[in-house]
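Colleague: Pasted the sequence and its predicted model underneath.
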Amino acid sequence: MLTPPQDSPTLSILSLILNSELLRWLLTEIVQFWYYSHFHGTYKVEAHHVTLELLDEYGTTAIFTKRQQVEFLQDGIFAIQDQAWGDGELFAAYKCSPGVAVDQYKEGYRWKILISLRSTRNKGEKELFTIERTIKDGFVTPIGNFQTQIDHPTKDLTISVIFPATRHPKTVTAIEQNAKRTFALGKEQIIPRSGERVEYQWQVNKPRLYEAYILRWEW
């Protein structure tokens, strides 16, 4: 059987295709299609906004806030599950609306929190959930990480970190963990806040299911 020489146009084109961004994008889309077609969760997310506010220059106190606009995909839903992970005291304070946190347990490195909705939701109904946690001693190192994982089909993601006036970051990097993509946030992603605080905000349209999105800073 004849084989093309190593420097043939056929091999060059094949090598270009195999190493192209287009191929990586196509493979990602195939995997995402499989994930979505096999998803059997209780809701999908229209908007997912998570914010970490560092209240002091030492990182000893921080407020985590998550807001999710969801649409239920099944009938008879009376509870949902939240999750948390990281360093420090993760539940110095915890509140959610609507609903009441009724149980929590650790599974691997993550804490799972069971939230009773106190009433039944049905397919097609929509709800805005707000969860707020106070974290103690969770961000005391010179390099910090704030991560969220997409566990439900999601239309829009916004992830933010707010830094105190007395200690702005030297750099802030956005990371897509599974896709192994990294880029530095620029001036267009910095929002001035009152009292000389600054917010670094990363917006992602149609984030990938089961991807971990991370803001990493050095300060």
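Modeller: Nice, thanks for sending it over. Numbering: from 1, shown residues only.
Colleague: so what's Gln149 up against?
Modeller: Each residue near Gln149 by Cβ atoms under 8 Å, 6 or more residues apart in numbering is listed here: 210-213. Yep, even glycine has a C-beta here, placed from its N, CA and C like the rest.
Colleague: And those residues, which is closest to Gln147?
Modeller: When the contacts of Gln149 are compared for distance to Gln147, the smallest value, 5.7 Å, is given by Ala212; criterion: Cβ to Cβ.
Colleague: Give me the local confidence score for the closest residue to that closest one other than its chain neighbours.
Modeller: On the basis of Cβ to Cβ, 6 or more residues apart in numbering, the spatially nearest residue to Ala212 that is not a chain neighbour turns out to be Gln177, at 3.9 Å. Model confidence at Gln177, given as pLDDT, is 94.
Colleague: Please report the distance of Gln177 from Phe64.
Modeller: Taking Cβ to Cβ, to the nearest Å as the measure, Gln177 and Phe64 are separated by 19 Å.
Colleague: ok, now Lys106?
Modeller: Distance, Lys106 to Phe64, by Cβ to Cβ: 18 Å.
Colleague: ok, those two, which is more surrounded?
Modeller: With other Cβ atoms under 10 Å as the criterion, Lys106 and Phe64 differ in neighbour count, and Phe64 comes out ahead with 20 against 10.
Colleague: Strands along this protein, start to end?
Modeller: Taking DSSP state E as the test, the strands found in the chain are 43-54, 61-72, 77-84, 89-97, 100-107, 110-121, 126-136, 143-149, 154-163, 171-176, 181-184, 190-192, 198-205, 212-218.
Colleague: Touching the second one from outside, list them.
Modeller: Residues lying outside strand 61-72 but in contact with it, judged by Cβ under 8 Å, 6+ apart, are 42-55, 82, 84, 121-136, 138-139, 148, 152.
Colleague: mind listing what Ile191 touches?
Modeller: For Ile191, the contact set (Cβ under 8 Å, 6+ apart) comprises 198-201.
Colleague: same deal with Trp202?
Modeller: The neighbourhood of Trp202, defined by Cβ under 8 Å, 6+ apart, consists of 158-160, 174, 185, 189, 213, 215.
Colleague: Recalculate using a threshold of 6 Å.
Modeller: Contacts for Trp202 (Cβ atoms under 6 Å, 6 or more residues apart in numbering) come out as 159, 174.
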